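Asker: Everything below, folded, please.
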Amino acid sequence: MSTFLIKNAKIVNEGAIFEGDVLIENEIIKEIAEQISLKSSDCVIIDAEGSYLIPGAIDDQVHFREPGLTHKGNIASESKAAIAGGITSFIEQPNTVPNAVTQELLEQKYEIAAATSYANYSFMMGGTNDNLDEVLKTNPRNVAGIKLFLGSSTGNMLVDNQEVLEKIFSSTKMLIAVHCEDEATIKTNLEKYKAEYGDDIPVKYHHLIRSAEACYLSSSKAIELAKKTGARLHVFHLSTAKEMELFTNKIPLEQKQITAEVCVHHLWFSDEDYENKGSLIKWNPAVKTKEDREALWTALLEDKIDVIATDHAPHTLEEKINPYTTCPSGGPLVQHAVVAMFEAVHRGKITVEKVVQKMCHNPAKIFKIEKRGFIKEGYYADLVIINPHLPWNVKKENILYHCGWSPFEGTNFKSRVTHTFVNGKLIYSNGRFKELKAAKRLLFERE
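Answerer: Residues are numbered from 1 along each chain as shown. You can find the predicted model right below:
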């Protein structure tokens with residue numbers, strides 16, 4: 001039995017912050033009160049005075065690269081980095097090698113995570129132009145959802161057959177998550193820049209090749225199809241001002257059939273950063289203009305956008321310094337996402353309560369995750385303590401990603417994750433890990 005008593009914390013939950021104590025027994029939050037007295041001599045007390053206690057963040061979109069791409073990252077290394085960053089649960093995407101497009105291949109990923117993951121885990125089933133039967137076998141109780149690439153990205157899983165798309169959208173009640181970029185638009189733009197620059201296109205043109213129009217064309221079609229079929233649609237990594245008109249804040253999240261996500265890098269960087277960061281900030285969809293970034297912030301704060309995630313997608317530095325056409329898109333983010341959003345709190349862009357809503361509560365609601373994402377009695381004790389006044393600098397020596405680099409390298413953060421609990425076990429404490437296997441497969445409250 002493991003018992004912890006967290007004292008004097010600024011507890012952040014459901015739009016409120018209150019000072020108090022939290023008692024953890026075994027895997028569960030046993031009691032939350034203004035003051036809790038010590039119940040037994042073997043209880044470990046942690047004084048969190050001056051620090052925030054938040055639910056463990058739930059990252060609804062990561063690429064941990066296992067199996068098949070483990071020179072970039074693996075479930076153990078990237079989940080460990082996530083724990084250090086305050087992310088206690090993740091949903092991983094199917095574009096590994098082989099692609100997770102059969103139930104057997106999907107289950108193999110769960111087996112790897114059961115043996116090696118530091119954080120709670122779920123894996124999405126991948127849809128293709130010809131695997132509808134496999135998609136429809138997916139168990140809604142223990143798989144997060146169906147992932148469709150409506151624009152090609154890492155892994156060559158493009159679904160571009162309209163008839164197949166309609167069948168998937170109309171045949172499943174499961175959440176369908178989509179990557180939206182219009183393939184024809186991107187190809188036309190790319191040919192134009194290749195004609196001028198060859199393969200070594202300056203990366204500053206990335207957002208003009210994978211353009212705002214490419215994003216809008218694809219996401220608007222996906223939303224139109226969802227409305228036509230009644231599908232439950234979740235649109236990943238929005239990046240443009242124009243797309244914001246496609247989403248609503250007029251109804252509560254629980255009633256939305258179409259939900260939206262933004263990623264940390266689209267809130268942090270703009271096209272002006274390509275000059276200094278180069279291909280390290282080459283993502284799909286692309287980081288776009290300052291105007292797009294401000295529109296994303298506005299939509300996030302107004303609740304048109306429901307979730308903040310990472311799209312964590314590591315590549316080696318050797319891969320990232322290739323010429324434009326062979327340089328892969330994506331970068332590692334799970335270790336730094338929560339503190340980056342707390343930096344935005346320090347800058348007055350967002351409140352702590354809103355960060356918790358978008359990174360903890362809403363992913364749990366959208367995916368209907370069982371007993372996670374909140375600080376509530378009876379819920380799993382996935383908890384994170386963050387000291388908002390413990391500055392640190394991101395440098396090679398403290399980067400935990402297998403790829404060994406971060407787009408935030410050189411950044412000073414004012415806040416630091418000091419403690420991370422997973423299912424009631426203290427896995428990470430002041431820079432040190434306990435090699436405990438506490439992680440569980442996520443379960444979902446749906447039939």
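
Asker: the longest helix in this structure is where?
Answerer: helix 212-229 (DSSP state H).

Asker: State the mean pLDDT of it.
Answerer: Regarding helix 212-229, the rounded mean pLDDT is 97.

Asker: Stretch 419-430 too?
Answerer: Throughout stretch 419-430, pLDDT has a mean value of 98.

Asker: Restricting to C-alpha, output it in CSV.
Answerer: Extracted in CSV, the C-alpha atoms of stretch 419-430 (Å, rounded to 0.1, in the frame of the first residue of the first chain):
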residue,chain,number,x,y,z
HIS,A,419,6.4,15.8,-8.8
THR,A,420,4.4,13.5,-11.0
PHE,A,421,2.1,10.8,-9.7
VAL,A,422,0.7,8.0,-12.0
ASN,A,423,-2.1,5.9,-10.5
GLY,A,424,-1.0,6.9,-7.0
LYS,A,425,2.7,6.2,-7.4
LEU,A,426,5.3,9.0,-7.2
ILE,A,427,7.1,8.3,-10.5
TYR,A,428,9.0,11.6,-10.8
SER,A,429,10.4,13.8,-8.0
ASN,A,430,12.7,16.8,-8.4
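
Asker: buried sites along it?
Answerer: Within stretch 419-430, the residues scored as buried using 16 or more other CB atoms under 10 Å are 419-428. All C-beta spots, glycine's among them, are computed from the backbone N, C-alpha and C.

Asker: and of those, the nearest to Val101?
Answerer: Closest approach between those and Val101, by CB to CB: Val422, at 29.3 Å.

Asker: if I look at the closest one, how far off is Gly73?
Answerer: Using CB to CB, to the nearest Å, Val422 is found at 19 Å from Gly73.

Asker: Ok, Phe236 next?
Answerer: Using CB to CB, Phe236 is found at 19 Å from Gly73.

Asker: check contacts around Ser218.
Answerer: For Ser218, the contact set (CB atoms under 8 Å, 6 or more residues apart in numbering) comprises 150-151, 180-182.

Asker: Apart from its chain neighbours, what residue comes closest to it?
Answerer: With sequence-adjacent residues excluded and distances taken as CB to CB, 6 or more residues apart in numbering, Ser218 is closest to Cys180, at 3.8 Å.

Asker: so the one you found makes contact with Leu150?
Answerer: Yes - applying CB atoms under 8 Å, one finds Cys180 in contact with Leu150, separated by 5.1 Å.

Asker: And the strands in the stretch 201-350 of the chain, which stretches?
Answerer: Along the stretch 201-350 of the chain, counting by DSSP state E, counting those that start in this stretch, strands occupy 233-235, 258-263, 307-309.

Asker: Give me whichever of those strands is most buried.
Answerer: For the strands of the stretch 201-350 of the chain, the largest average neighbour count (mean count of other CB atoms under 10 Å) is found in strand 307-309, namely a mean of 27.

Asker: higher neighbour count, Phe236 and Gly73?
Answerer: A side-by-side neighbour count of Phe236 and Gly73, using other CB atoms under 10 Å, places Gly73 first with 26 against 23.

Asker: Against Thr289, how distant is the more buried one?
Answerer: Taken as CB to CB, the span from Gly73 to Thr289 is 30 Å.

Asker: circling back: export only the CA atoms of the longest helix of the chain, formatted as CSV.
Answerer: C-alpha atoms of helix 212-229 as CSV (Å, rounded to 0.1, in the frame of the first residue of the first chain):
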residue,chain,number,x,y,z
ALA,A,212,-3.8,28.0,-44.9
GLU,A,213,-6.0,27.3,-47.9
ALA,A,214,-4.8,23.6,-47.9
CYS,A,215,-5.8,23.3,-44.3
TYR,A,216,-9.2,25.0,-44.7
LEU,A,217,-10.2,23.1,-47.8
SER,A,218,-9.6,19.8,-46.0
SER,A,219,-11.0,20.6,-42.6
SER,A,220,-14.2,22.2,-44.1
LYS,A,221,-14.8,19.0,-46.1
ALA,A,222,-14.3,16.8,-43.1
ILE,A,223,-16.7,18.9,-41.1
GLU,A,224,-19.3,18.9,-43.9
LEU,A,225,-19.0,15.1,-44.1
ALA,A,226,-19.4,14.7,-40.3
LYS,A,227,-22.5,16.9,-40.3
LYS,A,228,-23.9,14.8,-43.2
THR,A,229,-23.3,11.5,-41.6
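
Asker: quick one: contacts of stretch 246-255?
Answerer: 219-220, 223, 235, 256, 258-260, 299, 302-306, 362, 365-366.

Asker: out of these, which are buried?
Answerer: Looks like the contacts of stretch 246-255 have 219-220, 223, 235, 256, 258-260, 299, 303-306, 362, 365-366 buried, using 16+ other CB under 10 Å.

Asker: how about those residues, which pair is most distant?
Answerer: Farthest pair in these (CB to CB) is Ser220 and Lys365. Separation: 24.8 Å.

Asker: so where is the stretch 151-300 of the chain shaky, pLDDT-wise?
Answerer: 151-156 (pLDDT under 70).

Asker: In it, what residue spans correspond to helices?
Answerer: With helices called from DSSP state H, counting those that start in this stretch, the stretch 151-300 of the chain shows them at 162-171, 183-197, 206-209, 212-229, 264-268, 274-277, 290-301.

Asker: so can I have CSV of these showing distance to Val356?
Answerer: Compiled in CSV, the helices of the stretch 151-300 of the chain are given as follows (distance: least, CB to CB, whole Å):
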stretch, distance to Val356
helix 162-171, 32
helix 183-197, 36
helix 206-209, 30
helix 212-229, 27
helix 264-268, 15
helix 274-277, 28
helix 290-301, 13
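
Asker: out of these, nearest to Leu317?
Answerer: Closest of these to Leu317 is helix 274-277, at 13.0 Å (criterion: CB to CB).
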